[in-house]
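J.: model the following, please.
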Amino acid sequence: MPNDQRSRLILASPIEETIQKISDHRRKSVCVLASGDPMWFGIGTTLLKRIPIEEITIILAPSTFNQICARLGWSMTEVETLSLCGRPASLLQAYIYPNAKLLILSSGKETPQIVANTLSDRSFGNSKITVLEHLGGSKERIISTLVN
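T.: Residues are numbered from 1 along each chain as shown. Purely as a prediction, here's the structure:
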């Protein structure tokens with residue numbers, strides 16, 4: 001909106017500096033727009049470490065994991081879910097087993113390659129990896145490949 005004069009803050013990485021700036025605006029009207037699952041390793045749980053729930057209203061959209069399952073035709077009851085956003089990739093190790101269906105939220109563009117390398121290192125070559133980009137947006141794209 002060109003005439004909107006409200007200030008904007010882009011979430012940066014690492015996120016700690018941005019969280020501090022949001023915290024500095026407590027007791028004022030602040031809107032945080034974020035994708036993903038805010039109460040599942042997302043911005044909601046991160047903000048709640050600094051700001052009490054009484055000062056926050058969380059308005060949810062459809063779950064990212066549910067959207068992924070809808071695109072792939074998978075049942076949520078048949079998948080393992082893991083967020084690597086701000087978390088070590090080593091967490092993936094516990095989720096790898098034969099015929100597992102893993103839904104992994106990426107921490108960045110390097111995450112798919114890290115996952116592929118981990119699968120290969122664990123002798124799960126020929127596993128199918130599907131990357132969903134810009135889910136629900138005009139630039140949505142789905143790319144599938146096999147791990148070497």
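J.: most centrally placed residue in the protein?
T.: Nearest to the mean C-alpha position of the chain, counting by Cα atoms, centre = their mean, stands Leu105 at 4.1 Å.
J.: distance-wise, check the residue nearest to that residue when sequence neighbours are not counted relative to Arg6.
T.: With Cβ to Cβ, 6 or more residues apart in numbering as the criterion, Leu105 has its nearest non-adjacent residue at 4.1 Å, and that residue is Ser83. C-betas here are computed from N, CA, C, even on glycine. Using Cβ to Cβ, to the nearest Å, we find Ser83 at a distance of 30 Å from Arg6.
J.: ok, these two, which is more surrounded?
T.: Ser83 (19 against 8; other Cβ atoms under 10 Å).
J.: which strands or helices does the longest helix along the chain pack on?
T.: Ranked by residue count under DSSP state H, the longest helix found in the chain is helix 111-121. Using 3 or more Cβ pairs under 8 Å, 6 or more residues apart in numbering; DSSP states H and E, the elements in contact with helix 111-121 are strand 128-133.
J.: before we move on, the earlier item: tell me the pLDDT at the residue nearest to Leu105?
T.: On pLDDT, Ser83 comes in at 88.
J.: wait, it touches Trp40, no?
T.: Yes: here Ser83 reaches Trp40: they are 6.6 Å apart, a contact under Cβ atoms under 8 Å.
J.: domain assignment for this protein?
T.: What automatic domain parsing lists as the domains of the chain is 1-61, 64-146.
J.: distance of Lys139 relative to Glu133?
T.: For Lys139, the distance to Glu133 - Cβ to Cβ - is 7 Å.
J.: do the same with Glu110
T.: On the measure of Cβ to Cβ, Glu110 and Glu133 end up 14 Å apart.
J.: and the residue sitting furthest away from the middle of the chain, helix, strand or coil?
T.: In the chain, Asn3 marks the outermost C-alpha relative to the chain mean, sitting 31.3 Å out by Cα atoms, centre = their mean. Going by DSSP: H, G, I helix; E, B strand; the rest coil, the secondary structure assigned to Asn3 is coil.
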